[in-house]
Each structure stands twice: as C-alpha cells, then as structure tokens.
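Colleague: I'd like to go over a predicted model; first the sequence, then the structure.
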Amino acid sequence: MKTGFQHLYIPGPTNVPEVVRQAMIVPMQDHRAPDFGDLTLGLFADLKTVFKTRDGTVMMFPGSGTGCWEAAITNTLSPGDKVLMARHGQFSHLWIEMALKLGLDVQVVDLAWGAATPANEFARILGADRDGAIKAVFVTHNETATGVTSDVAAVRRALDESFHDALLFVDGVSSIGSIDFRMDEWGVDLAVTGSQKGFMMPAGLGMIGVSPKAMAASATARMRRAYFDFADMARMNATGYFPYTPPVQLLHGLRRALDRMLDEGLDTVFARHHRLASGVRAAVSAWGLRLCAEHPSIQSDTVSAIRTPEGVDAREVIRIAYDRFNCSLGSGLGPLNGKVFRIGHLGDLNEGMCLTALSIAEMALHAAGADIAFGSGVAAAQAIYAKPPVALGRTAAPARIAAE
Ligand SMILES: Cc1ncc(COP(=O)(O)O)c(C=O)c1O
C-alpha cells in the first residue's frame, strides 16, 4: 500500500489546486441555456489576457494541445503547402510528423535535441524564398522534451526582415501562462496550448489563439476540416456557445484557475517559475550533471531535462522514484529515453515541493548507481530558495484586456 501524497513532478499534467478541483464539482448544466455565456464569455476574455492578444480570437476545443496543432494546420493551410519547421525534441518532431501526415511539404531543419529554434537559419531560408513558397513557419516555444525555450520574437524578426508573409505558428503548450508569451507583440498567427500545464487543470481543453491574418487565411485554406473548423467555433463562441457539447466541468475549473493566475499576476507566475527552475538548475550542477539544453540562455523555466551520468539508466531513476518514493518524474522521450529524466517546475508549485522532488531524485539517482552526495542538490537549491523572492506585486501583472 502506498501512503501519503503521490508526488507529481512531471511537466504536465501538473498539480491541480484544490480550489480548482472543487470548482469542477458542479451539477450537470444546460450548455444551451440562455445564461451559459455568463460563464464562457469571461473565460474567452481572460484567455486573451493570458495569450496577450487584443486583436486575436482565442477558442477552446474539447481535446488537447495535439488537437489544436491539427486545428491550426487544417484551418489555415492547403494540401501541398510548403512549411518550415525545426526538429529539436519529441514535440517538435511530432508536429512535423503530423504536418507530413496531413500532406504538407515540410522543410525540416534538423538540430541536436537540446538546441533551440534556429532563428538565424530560418532567416536565411526565408530570405532565399523569393517567391514566398513557404506558407508557414512553426516554432515550438518551449520544447518540453528537452527543457529548451526558443526565441519567438527572433523568428518574427526573421520573417519581417525577409519581408516574408508566412504565417507564424507557435506551440505554446508548456509556455503560455507559464513563461513570457506575447501573441500580438510577436506577431504570432496561431498559438496553441492545452489546459494541463500552466493552467493547472486536468487535460481536456485545447486552446488556440488565432490572429486576424490566420482567420482570414482560414476563409480560403483548402485543407479538409470538420470538428476543428474555426468558422463554426468562432461563430458560436461569439455569443458564449459551442458547436457541440463542451466539457462544462472543465470550464468551471478554468474559471477558478484563471482567477488564480490573474490574481497572482502573470509576471509573478513567470518569476516564480524562474525562481523554482533556478533552484533545480543549481541542484543539477551541484550533482555534477548536465541539462539537455545546450546553453544556459535557452534553459526552460518550466521543465528541466537532466542527463544521467554514463552507465546510469534514466529509466531506472524514474522507476525507483515511482516504486519506492511514490513520485512521478518525467521520462526521456524518443531518443532521449534512458538518457534523461525530467522535473517539471510549473503550475501550482512552491519551493518545498521542488525540494521534495530534488531530494527524491537524489535518492533515486543514488539507487540507480549515480555517484550523488545526499543533500548536495537540495542544499544548492535551498541556497536559492532561502533568499526572499523579488516582490513584483499584482501591479506588475498586465492589465486585463477587456472583452470586445
Ligand atoms: C510542447 C508540447 N507540445 C505538444 C504537446 C502535446 O500536447 P497534448 O498532450 O496536450 O496533446 C505537449 C505535451 O506535453 C508538449 O509539451
């Protein structure tokens, strides 16, 4: 029998705050009732605040981030369209696979798993694309498999400086609501996320920000779509409804989760994630281990992918943490399986929880054969967490963007 908490330190689904869980315990409700918009219209408005878009439309599809990847592609592109994508981890890889399955002509820039989106290489390719054959550029903002954050603004600059009209697609599944993301300012046309990471919710809601340019593209794009059709969703959402049955409980949970995020303040959330990440990174270097991220400037504040030492199987670390210490750590995905374990440090999390994750990771690493001095990583993280956080206060949060 396992006693106590089941520790969850994977980079999504993240821990759901108790108040959010309680908010989802509601009787079934008529999603066509005249007052249903009282719940939903405020959600759409607040999602715009989180996505930082005034001009765009944010929709929710029952589903997950992957569904919204598909929605983004099928609504705005046509079969055979050329698109530019980088592969540097499992999620960017899977998005490429989907684009191929859907019949796009994908120009792939292959990179080390641990590298970031190569804005310079994209600039070179876009600059050489004189006829505008490339219809879309894809960026995985935060590659959850490797713990790498890419510079979306730099890709926007690459497009602008090449006078290129391609749409900018961003996978923000583990970034939106968790680290700095600015849909309008960065000229993002399609911004995809899901409910189970920074939004501190169960999986089940895919969210997608659509710019006016992407919405216009959807009027002429020829790829087939049905369930994920933007036009149907946007028309119904405008009055607070959905073209089919929405997961009402999740919408109630989202109301409470958005309240928490906006009350804490987005900038404060981002600063907290940075602080928690800094402690985890300090622990990794105290252990003498390396992160998967190739350079400190691209290390993610939401997840750390930690390389195990030569001869130590990361699968063993994860298994021991789970079996002996009732703790889920993230696995190494694709070619990183067995080489990497991950600690998610996003969502409803604090210093004590990170110290628990690090302490369990130390024991699991040791039991799996790594030469780790007990307490070394924990102490390094404590040295960071013992300093008081920089108080940003709620005023640092961006003003809520009112519903249009
Ligand atoms: C960066 C990234 N993209 C896409 C996905 C897939 O999202 P979902 O599992 O919600 O379909 C994930 C899931 O972890 C992810 O981390």
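Modeller: Great, that's in hand.

Colleague: going forward, measure contacts and count neighbours with C-alpha atoms only.
Modeller: OK.

Colleague: Now do the buried residues in stretch 44-56.
Modeller: Across stretch 44-56, burial judged by 16 or more other Cα atoms under 10 Å covers F44, A45, D46, L47, K48, T49, V50, F51, K52, T53, R54, G56.

Colleague: Quick one: the residues you listed as CSV, columns for distance to S150 too.
Modeller: Listed next are the buried residues of stretch 44-56 as CSV, based on distance: Cα to Cα, whole Å:
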residue, distance to S150
F44, 27
A45, 27
D46, 25
L47, 22
K48, 22
T49, 22
V50, 19
F51, 17
K52, 18
T53, 20
R54, 23
G56, 22
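
Colleague: nearest to the ligand, of those residues?
Modeller: Proximity of those to the ligand (Cα to the nearest ligand atom) peaks at F51, which lies at 15.8 Å.

Colleague: Now tell me what touches stretch 56-66 from outside.
Modeller: Contacts with stretch 56-66, where a contact means Cα atoms under 8 Å, 6 or more residues apart in numbering, come from 44, 47-48, 67-68, 173, 184, 192-195, 203-212, 228, 233-234, 237, 246-247.

Colleague: Strands of the stretch 151-300 of the chain, start to end?
Modeller: Using DSSP state E, counting those that start in this stretch, the strands found in the stretch 151-300 of the chain span residues 167-171, 190-194, 204-210, 290-291.

Colleague: Return only those of the contacts of stretch 56-66 found close to the ligand.
Modeller: Among those, proximity to the ligand is found for V173, G194 (Cα under 6 Å from any ligand atom).

Colleague: Can you say which of the contacts of stretch 56-66 are buried?
Modeller: 44, 47-48, 67-68, 173, 184, 192-195, 203-211, 228, 233-234, 237.

Colleague: interface residues of the stretch 101-250 of the chain facing the ligand?
Modeller: N142, E143, T144, D171, V173, S174, G194.

Colleague: right, and the last one touches M200 too?
Modeller: No. Judged on Cα atoms under 8 Å, G194 makes no contact with M200 at a distance of 10.0 Å.

Colleague: circling back: reformat the strands of the stretch 151-300 of the chain as TSV; add mean pLDDT.
Modeller: As requested, the strands of the stretch 151-300 of the chain are exported to TSV (pLDDT from 0 to 100):
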stretch	mean pLDDT
strand 167-171	99
strand 190-194	98
strand 204-210	98
strand 290-291	98
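
Colleague: Could you export those as a markdown table, including distance to H252?
Modeller: Below are the strands of the stretch 151-300 of the chain laid out as a markdown table (distance: least, Cα to Cα, whole Å):
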| stretch | distance to H252 |
| --- | --- |
| strand 167-171 | 25 |
| strand 190-194 | 16 |
| strand 204-210 | 12 |
| strand 290-291 | 38 |
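
Colleague: closest one to F91 among those strands?
Modeller: strand 167-171 (8.9 Å; Cα to Cα).

Colleague: got the angle for the closest one vs strand 190-194?
Modeller: Here the directions of strand 167-171 and strand 190-194 differ by 10 degrees (axes from the mean of the first three to the mean of the last three Cα atoms, to 10 degrees).

Colleague: What is strand 167-171 packed up against?
Modeller: strand 134-140, strand 190-194 (3 or more Cα pairs under 8 Å, 6 or more residues apart in numbering; DSSP states H and E).

Colleague: Pull the residues that contact the shortest one.
Modeller: Right, the one you point to is strand 190-194. 64-65, 68-69, 72, 167-174, 176, 183, 203-211, 214.

Colleague: now stretch 100-110, how far from the centre of its chain.
Modeller: 22 Å (Cα atoms, centre = their mean, to the nearest Å).

Colleague: Give me the buried positions along that stretch.
Modeller: So stretch 100-110, judged by 16+ other Cα under 10 Å, has buried residues L102, L104, V106.

Colleague: And the last one, how far from the ligand?
Modeller: Yep, that's V106 we're talking about. Distance, V106 to the ligand, by Cα to the nearest ligand atom, to the nearest Å: 18 Å.

Colleague: Quick check on that residue: phi, psi?
Modeller: phi -100, psi 120 (degrees, to the nearest 10).

Colleague: and I384, that one's in a strand?
Modeller: No. According to DSSP: H, G, I helix; E, B strand; the rest coil, I384 belongs to no strand; its state is helix.

Colleague: That one touches G279, doesn't it?
Modeller: Yes. Using Cα under 8 Å, I384 is in contact with G279, at 5.7 Å.

Colleague: which of the two has more neighbours?
Modeller: G279 (24 against 18; other Cα atoms under 10 Å).

Colleague: contacting residues around that one?
Modeller: Neighbours of G279 in contact, by Cα under 8 Å, 6+ apart: C354, A380, A381, Q382, I384, Y385.

Colleague: Throw these into a markdown table and include pLDDT, thanks.
Modeller: Putting those into a markdown table (pLDDT from 0 to 100) gives the following:
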| residue | pLDDT |
| --- | --- |
| C354 | 98 |
| A380 | 98 |
| A381 | 98 |
| Q382 | 98 |
| I384 | 98 |
| Y385 | 98 |
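
Colleague: quick one on the thing from earlier: determine which stretch of the helices and strands packed on strand 167-171 is the most buried.
Modeller: Comparing the helices and strands packed on strand 167-171 by mean neighbour count (mean count of other Cα atoms under 10 Å), strand 190-194 ranks first with a mean of 30.
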